[in-house]
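[1] quick one: sequence plus predicted model below, questions after.
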Amino acid sequence: MSHHSQIARNAYTSDLLQDSRIEQIKKHKEVVRQIKAKDTENSNNIHANPDKVARQQNVAQTQQSSNQQLYKPIFNWEKSNENSSFHIIPSEKTISFNSLYDSSSQSNHILSLFGYKIDVSQQVDQFKQKFQKFFIESKSHNAMIGKFSELKFGIVAALLSLLGVDPNTLETLKKESLKKAMQDNIDCFEQNEYNSELLTIFTNSKKDKGRVNVLTELRKQLIKQMANYGEPGYYTKERIYTIKKDQVQRILGDLLEEKQNLSYIRNFQ
């Protein structure tokens, strides 16, 4: 009987241990489930996982800042009140140019004066820049500016000749500056037509009409300037019409790009 009792006690103990192990496993699973549930709660919940919340906030801030950095509106938008829809405020775009008169060449000029040798290489390069500048300004549409610049151009040309710059070099400088000035004139004319067409399409105030008049006057000045450059027949009616058409197509392209950017922000931001 003693042997059977021992077997029975061992079996009973084994059952208790197994039941206890099963109970511990159940409790462990319940704790894990509660932790996972708390981990997925809103970041404002006191039981949320702080590390995970911090990661989520960093990701959200990064995405938001990326959208703000990548997107820059092409047009200016405005709405009169909360019930009205947005409309474009037409504003002129400017165009920037590199300096026409930068000279990177290094001249080696030594001027002998009363037995002393003076290095004037830096001054020669500066005079070359002024030579080109005054040459272009002498062809200004403004008669007063043109006459005054023509006088300064003659003085600088005489100084360069005195410093030993040969006439062929001076002619080359004139041709280079004239070529760049003509290209700038074309770029300005195209940008001016872009602004004019933009105002014509989206004008919504009397102020815009005044701005159109200013752009019209600027167009006349650019045409006269090109004539002073030696191309009086460059801006024909056909060429002006082609430029206007190209700028309207450019405005349409900018509008489509703006629409695509706004749709992306609306759907994915």
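    Alright, I've got the coordinates.

[2] okay, CA-based contacts and neighbour counts for the rest of this
    Fine.

[3] can you give me the helices for the stretch 151-269 of the chain?
    Ranges of helices in the stretch 151-269 of the chain, per DSSP state H, counting those that start in this stretch, are 167-202, 206-228, 237-268.

[4] mind checking those for the one nearest to residue 133?
    With respect to residue 133, and counting by Cα to Cα, the nearest of the helices of the stretch 151-269 of the chain is helix 167-202 at 7.8 Å.

[5] which other helices and strands contact that closest one?
    helix 121-137, helix 206-228, helix 237-268 (3 or more Cα pairs under 8 Å, 6 or more residues apart in numbering; DSSP states H and E).

[6] nearest to residue 158, of the ones you listed?
    Nearest of those to residue 158, taken as Cα to Cα: helix 121-137 at 10.0 Å.

[7] now do the closest one and helix 167-202, the angle between them.
    Counting by axes from the mean of the first three to the mean of the last three Cα atoms, to 10 degrees, helix 121-137 lies at 50 degrees to helix 167-202.

[8] between helix 121-137 and helix 206-228, how many degrees?
    110 degrees.

[9] buried residues of helix 121-137, list them for me.
    Neighbour-count burial for helix 121-137 flags 121, 124-125, 127-137 (criterion: 16 or more other Cα atoms under 10 Å).

[10] for those residues, which one is nearest residue 228?
    residue 136 (9.5 Å).

[11] rewinding a little: pick the most deeply packed of the helices and strands packed on helix 167-202.
    helix 121-137 (a mean of 20; mean count of other Cα atoms under 10 Å).

[12] got the CA coordinates for that one in PDB?
    This file holds the C-alpha atoms of helix 121-137, laid out as PDB (Å, rounded to 0.1, in the frame of the first residue of the first chain):
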ATOM      1  CA  SER A 121      47.300  94.600 -65.400                       C
ATOM      2  CA  GLN A 122      44.500  94.800 -62.900                       C
ATOM      3  CA  GLN A 123      43.500  98.200 -64.100                       C
ATOM      4  CA  VAL A 124      43.500  97.000 -67.700                       C
ATOM      5  CA  ASP A 125      41.000  94.300 -66.900                       C
ATOM      6  CA  GLN A 126      38.800  96.800 -65.100                       C
ATOM      7  CA  PHE A 127      39.000  99.200 -68.000                       C
ATOM      8  CA  LYS A 128      38.000  96.400 -70.300                       C
ATOM      9  CA  GLN A 129      34.900  95.700 -68.200                       C
ATOM     10  CA  LYS A 130      34.000  99.400 -68.200                       C
ATOM     11  CA  PHE A 131      34.700  99.500 -71.900                       C
ATOM     12  CA  GLN A 132      32.000  96.800 -72.600                       C
ATOM     13  CA  LYS A 133      29.600  98.400 -70.100                       C
ATOM     14  CA  PHE A 134      29.700 101.900 -71.500                       C
ATOM     15  CA  PHE A 135      29.500 100.500 -75.000                       C
ATOM     16  CA  ILE A 136      26.200  98.800 -74.300                       C
ATOM     17  CA  GLU A 137      24.900 101.700 -72.300                       C
END
